[in-house]
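*Asks:* got a structure for you, letters missing:
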């Protein structure tokens, strides 16, 4: 059994089409079909069902795929590691970041990488979680920082920080206290991101469970737009404390932690499974882990 045969299995399973997989692998369709047939013979059964639209995995194929993918990734990682051995990290590393993460970490990250690894060039993409996940899946990004409002996907995501969401509005001397019960959001004019934003989904799920009426007077994905609307229209937003730390410190906004229940927000680091991480990408990820622990680097 050769690594190229396992990679053929992985690519055909991913595309569901032998012709498309052959193009990616730089093979002719008959050559790829022979490789798959030889692998099926070696494993003792068919790996794919042939259909009019392509191929789908058999039960044997479903069992073999995760192990084959792991072996392919490990093999490619070995090659990348050996090429990097004895050399300073170099090359382009692409990061995909949420807007407020970009604001908090970009300058420090660039400064550290340029000083410690001058041969590494950073490329930073800004987007929201759904878009970032697509970039990871397509291999457009090596490293991503995402927000989660439920448990992280333990197999592929590393939790860097956890904080509790706040109800943010203009400072009000009558509000009192540092916390607000979720039920008190009932009827408040809220500015929230548009669905299917994960924060919006999390707030909506709790509201339905507690039978709380959520009055979303305007939808705004942009953090700056939310802040502007809060300050000018007397609305409220649900944000992380780090997102509005400067405005709270300046006395512009008031932020009260939502309780009963609390709404946790996790910042997770994820890396692409599209290809092995280069040494440069691994070193950049290590720097990100250190920087993201600093309060100003966390996102909403």
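*Replies:* Ah, there it is. The model shown is predicted, which means the values in this text are computed figures rather than measured ones. Residues are numbered from 1 along each chain as shown.

*Asks:* any idea how far residue 46 is from the closest residue to residue 263 other than its chain neighbours?
*Replies:* Nearest in space to residue 263, with sequence neighbours left out and distances taken as C-beta to C-beta, 6 or more residues apart in numbering, is residue 165 at 4.0 Å. Every residue, glycine included, has its C-beta placed from N, CA and C. Residue 165 sits 50 Å away from residue 46, taking C-beta to C-beta, to the nearest Å as the criterion.

*Asks:* quick one: the residue nearest to residue 263 from residue 146, how far?
*Replies:* For residue 165 relative to residue 146 (C-beta to C-beta), the value is 16 Å.

*Asks:* list the buried residues for stretch 101-121?
*Replies:* Neighbour counts over stretch 101-121 (16 or more other C-beta atoms under 10 Å) mark 101-106, 108-109, 113, 117, 120 as buried.

*Asks:* how far away is residue 177 from residue 149?
*Replies:* For residue 177 relative to residue 149 (C-beta to C-beta), the value is 24 Å.

*Asks:* who has more neighbours, the two?
*Replies:* Set residue 177 next to residue 149 and count neighbours by other C-beta atoms under 10 Å: residue 149 wins out with 19 against 8.

*Asks:* test my guess that that one contacts residue 199.
*Replies:* Yes. Proximity of residue 149 to residue 199 meets the contact threshold set by C-beta atoms under 8 Å, at 6.0 Å.

*Asks:* any residues in contact with both of the two?
*Replies:* Common contacts of residue 149 and residue 199 (C-beta atoms under 8 Å, 6 or more residues apart in numbering): residue 265.

*Asks:* OK, contacts around the residue lying closest to residue 236 once chain neighbours are set aside?
*Replies:* Of all residues not flanking residue 236 in the chain, residue 169 sits nearest, at 4.3 Å (C-beta to C-beta, 6+ apart). By C-beta under 8 Å, 6+ apart, the contact set of residue 169 is 230, 234-237, 253-254.

*Asks:* all good on my end, thank you.
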